[in-house]
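J.: with the input below, show me the fold.
(chains A and B)
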Number of protein chains: 2
Amino acid sequence: MKKVVITGAEGTIGTALRKDYGDRYEFSGITLTPQDFPSTVANIADLDAIQPAFEGMDAVIHLAADVGVTSPWESIHQNNIIGTYNVYEAARRAGVECVVFASSNHAVGGYEVAGSPAIYALDDERQIDTTVQIRPDSYYGVSKAFGEAMGRYYVDAFGMRVFCLRIGWVRADDNPHPEERTGSAWLDLPTPEDFYGRLRTIWLSKRDCSQLIAKCLDADHIDYGIYYGMSDNPRKFWSLDNARADLGYEPQDSAPVDLS
Amino acid sequence: MKKVVITGAEGTIGTALRKDYGDRYEFSGITLTPQDFPSTVANIADLDAIQPAFEGMDAVIHLAADVGVTSPWESIHQNNIIGTYNVYEAARRAGVECVVFASSNHAVGGYEVAGSPAIYALDDERQIDTTVQIRPDSYYGVSKAFGEAMGRYYVDAFGMRVFCLRIGWVRADDNPHPEERTGSAWLDLPTPEDFYGRLRTIWLSKRDCSQLIAKCLDADHIDYGIYYGMSDNPRKFWSLDNARADLGYEPQDSAPVDLS
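T.: Next comes the predicted model:
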């Protein structure tokens, strides 16, 4: 079994992954607090503290981050710029071959902002692939673009393999049809239709998310790729084409069409 | 006259710009040491220290950086990540509308590394435009990709206008045909032909560089753009097409074909 260390292993995605694929990979974690699974307690902003957790690993899944789209630069800088460099560098020093980096659609979220809310409509035909130019919607998005760029460098310079997943909206309760129906800290979504229209396009079920990450761990033939991560939703403006083609990603879930 | 503050105004590019266009713009500087022209002495890594120099400005030209392709992350992080955020943020706080950011071809230098030295040949037809995916060849290149991403965010979020110039090789002596003929700190260029072949493609004369920057200062119709910056050299693998079309850039100089 491949030995895989997960940063932020206690979060929504890490928890789902350990549950869904704990029999396929030997997982360990890097977490801010002690856990009931094997985990090094350390802050990713401290390279020396996280380094031991990388020794002997086959891969790292880098989930730990400030995930706030409205977070201030100071926190993004500490957690997502310094932290992400540290993860790549610790992996390099330990000879870890593969990094799966939780990027985000927010690295290119400016396209969504410019198209919202019309882009959510089921009959809207716009599709954005992973070759579009970087267009962050936030400091958070800038930090994810940074992490993708750093990953590309580590591939070319150090022979690492890096997968950047522009993950959509993974929800702790996995619910694609939530109670709350309006509001957004960063995007004006005045009606329930707008809110659900957005969620319906970018929802990623926990098991689809786990599958996507596992496909990366198994894709020994790929050295670098950027992929969107969504379920097989009825409206998709982020293209899944290269995730299907390169990785064999086959989402099992789909957000319901029904808005009611 | 537009009031324009130049970070790193004492360097090769800043010096040329002040000489060539000092009668068209009211230039001031931010420099690490006192100069014989109006300049705030401050380190761009210190936001509070540079802020006053942005007040009342129409534009900023951000040249200050660690420009070392082999520089370690620690210096790149301090000067080019923190420093570049500070410049954008100081501009935003002061209401400066326009930022010309000295990016670099090293943000996508991985394409050159992969093609070198064949890509330097006069009859090689590969052309790389500014829509290609980010592919840094160094921490330096990563930091320039970061600066481009941050600039894009400031355009969308704060209505700023940002020009990212992937500047080639501006030489203090302006010489496109130098004495030194081999070696490179970051790229294997074993023969004089390889070395000069490279310089011949990415050379940017000082006056062409000044023109390109001035075209950005005057391009009030553009909100964001990424442009390569080279002279009209006999071999160009970085495309100048969008710089010509968007900005009206018309390089006056060309590196000589002759290798001898």
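J.: from here on, contacts and neighbour counts on C-alpha atoms
T.: Will do.
J.: show me the shaky parts of chain A.
T.: In the predicted model, chain A carries pLDDT under 70 at residues A:181-185, A:259-260.
J.: that one: strands as residue ranges?
T.: Taking DSSP state E as the criterion, chain A carries its strands at A:2-7, A:25-31, A:39-41, A:59-62, A:98-104, A:161-167, A:224-229.
J.: contacts for the third one, please.
T.: With Cα atoms under 8 Å, 6 or more residues apart in numbering or on different chains as the contact definition, strand A:39-41 has outside contacts at A:28-34, A:50, A:53.
J.: export those residues to JSON lines and tack on neighbour count?
T.: Compiled in JSON lines, these are given as follows (neighbours: other Cα atoms under 10 Å in any protein chain shown):
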{"residue": "A:S28", "neighbour count": "22"}
{"residue": "A:G29", "neighbour count": "26"}
{"residue": "A:I30", "neighbour count": "27"}
{"residue": "A:T31", "neighbour count": "22"}
{"residue": "A:L32", "neighbour count": "17"}
{"residue": "A:T33", "neighbour count": "12"}
{"residue": "A:P34", "neighbour count": "14"}
{"residue": "A:I50", "neighbour count": "22"}
{"residue": "A:A53", "neighbour count": "23"}
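J.: what's around A:E74, how many residues?
T.: The local packing of A:E74 (other Cα atoms under 10 Å in any protein chain shown) involves 10 other residues.
J.: coming back round to it: need the strands of chain A in a markdown table (columns: distance to B:H62).
T.: Converted to a markdown table, the strands of chain A look like this (distance: least, Cα to Cα, whole Å):
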| stretch | distance to B:H62 |
| --- | --- |
| strand A:2-7 | 35 |
| strand A:25-31 | 38 |
| strand A:39-41 | 40 |
| strand A:59-62 | 32 |
| strand A:98-104 | 28 |
| strand A:161-167 | 30 |
| strand A:224-229 | 30 |
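J.: you'd agree A:L189 is up against A:Y120?
T.: No. Under the criterion of Cα atoms under 8 Å, A:L189 makes no contact with A:Y120, lying 11.1 Å away.
J.: higher neighbour count, these two?
T.: A:Y120 (25 against 19).
J.: what's the spacing between that one and A:E112?
T.: As judged by Cα to Cα, to the nearest Å, A:Y120 and A:E112 stand 9 Å apart.
J.: what's the answer for A:D223, then?
T.: Applying Cα to Cα to A:D223 and A:E112 gives a distance of 28 Å.
J.: now for A:W186, how many residues are close by?
T.: Taking other Cα under 10 Å as the criterion, the count of residues near A:W186 is 12.
J.: give the contact list for the closest residue to chain B within the stretch 151-260 of chain A.
T.: Evaluated by Cα to the nearest Cα, the stretch 151-260 of chain A has A:Y153 as its residue closest to chain B, separated by 5.4 Å. Applying Cα under 8 Å, 6+ apart, one finds that A:Y153 lies in contact with B:110, B:135-139, B:142.
J.: ok, A:D223 next?
T.: Shown in contact with A:D223 (Cα under 8 Å, 6+ apart): A:155, A:160-163.
J.: gap between stretch A:90-110 and the chain center?
T.: Mean C-alpha position of stretch A:90-110 versus that of the full chain (Cα atoms, centre = their mean, to the nearest Å) differs by 9 Å.
J.: the residue nearest to A:M57 when sequence neighbours are not counted: neighbour count?
T.: The spatially closest residue to A:M57, leaving aside those adjacent along the chain, is A:K3, at 5.1 Å (Cα to Cα, 6 or more residues apart in numbering or on different chains). Per other Cα under 10 Å, the neighbour tally for A:K3 reads 16.
J.: who's A:K3 bridged to?
T.: A:E26 (DSSP bridges).
J.: alongside chain B, which residues does chain A contribute?
T.: Where chain A comes near chain B, counting by Cα under 8 Å from any Cα of the partner chain, the residues are A:110, A:131-139, A:142, A:145-146, A:149-150, A:152-153, A:156-157.
J.: buried among the residues you listed? Need that as a selection in PyMOL.
T.: Selection command for PyMOL covering only the buried members of the residues of chain A next to chain B, criterion 16 or more other Cα atoms under 10 Å in any protein chain shown:
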select buried, chain A and resi 110+133+134+135+136+137+138+139+142+145+146+149+150+152+153+156
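J.: hang on, the residue nearest to A:M57 packs against A:I61?
T.: No. Taking Cα under 8 Å as the contact criterion, A:K3 and A:I61 are not neighbours in contact, 10.9 Å apart.
J.: hang on, the earlier thing: mind listing what the residue nearest to A:M57 touches?
T.: A:25-28, A:56-59.
J.: and it, how far from A:L32?
T.: Taking Cα to Cα as the measure, A:K3 and A:L32 are separated by 20 Å.
J.: can you count the residues close to the closest residue in space to A:P176 that isn't next to it in sequence?
T.: Nearest in space to A:P176, with sequence neighbours left out and distances taken as Cα to Cα, 6+ apart, is A:A255 at 5.7 Å. Counted by other Cα under 10 Å, the residues lying close to A:A255 total 22.
J.: isn't A:E10 up against A:F37?
T.: No. A:E10 lies out of contact with A:F37 (Cα under 8 Å); the separation is 9.3 Å.
J.: more neighbours: which of those two?
T.: Neighbours of A:E10 and A:F37, each counted by other Cα under 10 Å, are more numerous for A:E10; the result is 23 against 12.
J.: dihedrals phi and psi, the more buried one?
T.: Recorded main-chain torsions at A:E10 are phi -90, psi 0, according to degrees, to the nearest 10.
J.: show me what contacts it?
T.: Counting by Cα under 8 Å, 6+ apart, A:E10 touches A:29, A:31, A:35.
J.: how near is the second one to chain B?
T.: Right, the one you point to is A:T31. According to Cα to the nearest Cα, to the nearest Å, A:T31 and chain B sit 25 Å apart.
J.: give the contact list for the spatially most central residue of chain A.
T.: Compute the mean C-alpha point of chain A, and by Cα atoms, centre = their mean the closest residue is A:A102, 3.0 Å away. The neighbours of A:A102, taking Cα under 8 Å, 6+ apart as the test, are A:61-63, A:164-167.
J.: repeat for A:N43
T.: Contact criterion Cα under 8 Å, 6+ apart gives A:30-32, A:49-50 as the residues in contact with A:N43.
J.: if you set the cut-off to 6 Å instead, what comes out?
T.: Taking Cα atoms under 6 Å, 6 or more residues apart in numbering or on different chains as the criterion, A:N43 is in contact with A:L32.
J.: give me phi/psi at it?
T.: Comment: the main-chain dihedrals of A:N43 come out as phi -100, psi 130, following degrees, to the nearest 10.
J.: and stretch A:227-239, end to end?
T.: Counting by Cα to Cα: the opening and closing residues of stretch A:227-239 are 8 Å apart.
J.: report the buried residues of it.
T.: By neighbour count, with 16+ other Cα under 10 Å as the criterion, the buried positions of stretch A:227-239 are A:227-233, A:235-239.
J.: report the angle between the longest helix belonging to chain A and strand A:224-229.
T.: With residue count as the measure and DSSP state H as the assignment, chain A has helix A:139-158 as its longest helix. Inter-element angle recorded for helix A:139-158 and strand A:224-229: 150 degrees (by axes from the mean of the first three to the mean of the last three Cα atoms, to 10 degrees).
J.: tell me which stretches of chain A form helices.
T.: With DSSP H as the criterion, chain A has helices spanning A:12-21, A:47-50, A:73-76, A:83-94, A:109-115, A:139-158, A:192-202, A:206-218, A:241-242.
J.: among these, which is the most enclosed?
T.: Per-stretch averages of neighbours, counted by mean count of other Cα atoms under 10 Å in any protein chain shown, single out helix A:139-158 among these, with a mean of 26.
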